[in-house]
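Trainee: Would you be able to build a 3D model of this:
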Amino acid sequence: MRTKKDEIDVIWLKRDLRLQDNEAIFNALQTNNKVLFLYVFENSLIKDPHYSERHWNFIKQSIVDLNKELASFNTKILCVQTEVVTAFNQLLNNYKIHNVFSHQETGLLITFNRDKEFKRYTRNNEINWVENTNNGVLRGLLNREDWFDKWEDYMMASPIKNNLHKDKFLSISEIENLERFFKVVSLETPLDSPFQKGGSTLAWRYAKTFFENRHEKYMYHISKPALARESCSRLSPYIAWGNVSIRQIFQEAHKYKNEKNKRHLGAFVSRLRWQAHFIQKFEMEYTMENASVNKGFHKLKKSISEEYQKAWKEGKTGFPLIDASMRCLAETGYVNFRMRAMLVSFFTHILWQPWQDASQHLSHLFLDFEPGIHFPQLQMNAGETGINALRIYNPVKNSLEHDEEATFIKKWCPELANLPLPFVHEPYLMTPLDEQFCNFKLGEDYPKPIVTLKKARKKASDTLWNMRNDKEVARESLRILKKHTLSNRNRMFKTE
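Mentor: So this is what the prediction gives:
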């Protein structure tokens, strides 16, 4: 005689690794069934070149942090390595699943297709899959009419408070019994990692120090590669992986905002709006993962140079601020926004390489990799939207303006540290006599510039500005503006 299976619901955690202001958890708490927390380390994503070990370690640290909280309720997260459908097939061998709760993920095409497959799977297995919106990003929009008002209403609403109690969840012993049927993931991570550690506990520690004092020079230091590391919030990986919600941070900023710091925290809040705007854009036009959103730029052809791309990836281009930024990003997973934009601009404009060839390398390095930010920003900084201002960053000008004493360059390009300051910014200006005096050999101790800056900037500028007059580019620009432009744009990006 067949034994009747126990009935459960499942909270499928993805980029929402927190307990509070988490609608999936809230919805699960309203049912009469016991609940299992599940995180699937998907083989297809582990193999995907957009992801790297630093991402999985951050996720593991976030789960460890969650498990410390969940231990009070005699439960933990079941962490398995497989594909999502395979995981649920195994769960169905042990339990009857009524509901699955998760958020709508604005992710890569691979996760979008996975979700479509999972939708068919739940329908075929009579499972109710409830997806909630994430950080106010709405699925299925045709245009942005009233979008900002809806987003702001969402941000101003009270964060969801989840009152957990241990009788609601599968116990630790029940989960350990389940683990026998899976490839369970070890949550150990390197202790000496140079990256920010994951978890809501650390997220709120960063938030506290930022709102209490670090924000005081936010506007002054936001573009400076060394000083931004202290004066910016450093919350981006915690937001990207869902250790905190945008709404929680939005409301926390408003708690601290007063006349004295209004400008700095107002600028910070405007960037939270900006973040949501770009993720919503990607949600509405996901094809920009692989192709320029402005179809007129599909005809733009660039010659691939493996030599240029290798030098850029290794931080050996001969342009110190570029090289320092790339080395810093590789080592720590973080550089500030201006340096990110400059790295993309240099790759696509100065080296004249297609933005698609930079995509996976950068996402691999960004600890805060967020697809909804990544792809729209790549295209904007590559100048291939047709609607944004064309910015061809001059790495020398930015070096002189934002790293005046070359503090950042000297740290990440130590081979330049003992040169006179002007040569740290522009080592290629050294004469043979200068090199002899400094005991330094350009081309051996540090690379010569791989391109001529002035010539490369002119080529990129002339080509891209001329393309703005192309009929298809112009037609696509109008389409993009109609679909994505906010009627209340000024209010959206105000600094208050």
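Trainee: State whether Asp9 is indeed within a helix.
Mentor: No: per DSSP: H, G, I helix; E, B strand; the rest coil, Asp9 lies outside any helix segment and is strand.
Trainee: what's across from it in the sheet?
Mentor: Per DSSP bridges, the residues bridged to Asp9 are Val35, Asn99.
Trainee: how many other residues sit next to the closest residue to Phe118 other than its chain neighbours?
Mentor: Nearest non-adjacent residue to Phe118, counting by Cβ to Cβ, 6 or more residues apart in numbering: Val84, 5.7 Å away. Bear in mind the C-beta positions are built from the backbone N, C-alpha and C, glycine included. Residues lying near Val84 (other Cβ atoms under 10 Å) number 23.
Trainee: let's have the chain start at 28 instead
Mentor: Renumbered: residue one is now 28, and that last one reads Val111.
Trainee: For Val111, give its distance to Cys259.
Mentor: Distance from Val111 to Cys259, counting by Cβ to Cβ, to the nearest Å: 35 Å.
Trainee: What of Pro252?
Mentor: On the measure of Cβ to Cβ, Pro252 and Cys259 end up 11 Å apart.
Trainee: Those two: which is more packed in?
Mentor: Pro252 (25 against 22).
Trainee: Check whether the more buried one sits in a helix, strand or coil.
Mentor: coil.
Trainee: Just confirm it contacts Phe435, I think it does.
Mentor: Yes: taking Cβ atoms under 8 Å as the definition, Pro252 is a contact partner of Phe435 at 4.3 Å.
Trainee: between these two, what contacts are shared?
Mentor: Residues touching both Pro252 and Phe435 (Cβ atoms under 8 Å, 6 or more residues apart in numbering): Leu348, Ala351, Cys355.
Trainee: Now intersect the residues you listed with the strands, please.
Mentor: If you go by DSSP state E, the shared contacts of Pro252 and Phe435 have nothing in strands.
Trainee: okay if I get these as TSV plus distance to Lys210?
Mentor: Listed next are the shared contacts of Pro252 and Phe435 as TSV, based on distance: Cβ to Cβ, whole Å:
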residue	distance to Lys210
Leu348	44
Ala351	41
Cys355	35
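Trainee: wait, which of these is closest to Asn493?
Mentor: Leu348 (28.4 Å; Cβ to Cβ).
Trainee: Tell me how far the nearest residue to the closest one once chain neighbours are set aside lies from Gln336.
Mentor: Leaving aside its sequence neighbours, Leu348 sits nearest to Ser426 (Cβ to Cβ, 6+ apart; 4.0 Å). Using Cβ to Cβ, Ser426 is found at 22 Å from Gln336.
Trainee: okay, these two: which has more neighbours?
Mentor: Per other Cβ under 10 Å, whichever of Ser426 and Gln336 has more neighbours is Ser426, with 23 against 17.
Trainee: What's the per-residue pLDDT of that one here?
Mentor: In the prediction, the pLDDT value recorded for Ser426 is 98.
Trainee: How much space separates it from Lys468?
Mentor: Distance of Ser426 to Lys468, given as Cβ to Cβ: 22 Å.
Trainee: so for stretch 343-361, what's the average pLDDT?
Mentor: 98.
Trainee: got it, and stretch 69-77?
Mentor: For stretch 69-77, mean pLDDT rounds to 97.
Trainee: go on, stretch 194-214?
Mentor: 97.
Trainee: Can you show me the CA trace of it as CSV?
Mentor: Output of stretch 194-214 as CSV, limited to C-alpha atoms (Å, rounded to 0.1, in the frame of the first residue of the first chain):
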residue,chain,number,x,y,z
ASP,A,194,6.2,25.1,13.6
LYS,A,195,5.9,26.4,10.0
PHE,A,196,9.1,25.0,8.6
LEU,A,197,10.6,21.6,7.9
SER,A,198,12.9,20.8,10.7
ILE,A,199,16.7,20.5,10.4
SER,A,200,16.4,16.8,10.9
GLU,A,201,13.8,16.5,8.1
ILE,A,202,16.0,18.5,5.8
GLU,A,203,19.1,16.4,6.7
ASN,A,204,17.1,13.3,5.8
LEU,A,205,16.3,14.9,2.4
GLU,A,206,19.9,15.7,1.8
ARG,A,207,20.7,12.0,1.3
PHE,A,208,19.0,12.2,-2.1
PHE,A,209,20.9,15.2,-3.4
LYS,A,210,24.4,16.4,-4.2
VAL,A,211,24.6,18.8,-1.2
VAL,A,212,26.7,22.0,-1.6
SER,A,213,29.4,22.7,0.9
LEU,A,214,29.0,26.3,2.2
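Trainee: Which positions in that stretch come out as buried?
Mentor: Within stretch 194-214, the residues scored as buried using 16 or more other Cβ atoms under 10 Å are Lys195, Phe196, Leu197, Ile199, Glu201, Ile202, Leu205, Phe209, Val211, Val212, Leu214.
Trainee: Strands of the chain, start to end?
Mentor: Going by DSSP E, the chain shows strands at 33-39, 61-69, 104-109, 122-130, 155-159.
Trainee: ok, residues contacting stretch 494-504?
Mentor: Val320, Asn321, Lys322, Gly323, Phe324, Lys326, Leu327, Thr412, Gly413, Ile414.
Trainee: Pretty sure the second one sits against Leu508.
Mentor: No: with contact defined as Cβ under 8 Å, Asn321 and Leu508 do not form a contacting pair (10.6 Å).
Trainee: ok now do Asp33, which residues does it touch?
Mentor: Lys61, Tyr122, Lys123.
Trainee: Now that we have those residues, which of them are buried?
Mentor: The buried subset of the contacts of Asp33 (16+ other Cβ under 10 Å) comprises Lys61, Tyr122.
Trainee: ok, which stretches of the stretch 78-227 of the chain are helices?
Mentor: Ranges of helices within the stretch 78-227 of the chain are 80-97, 111-121, 136-151, 174-183, 199-205, 227-239, based on DSSP state H, counting those that start in this stretch.
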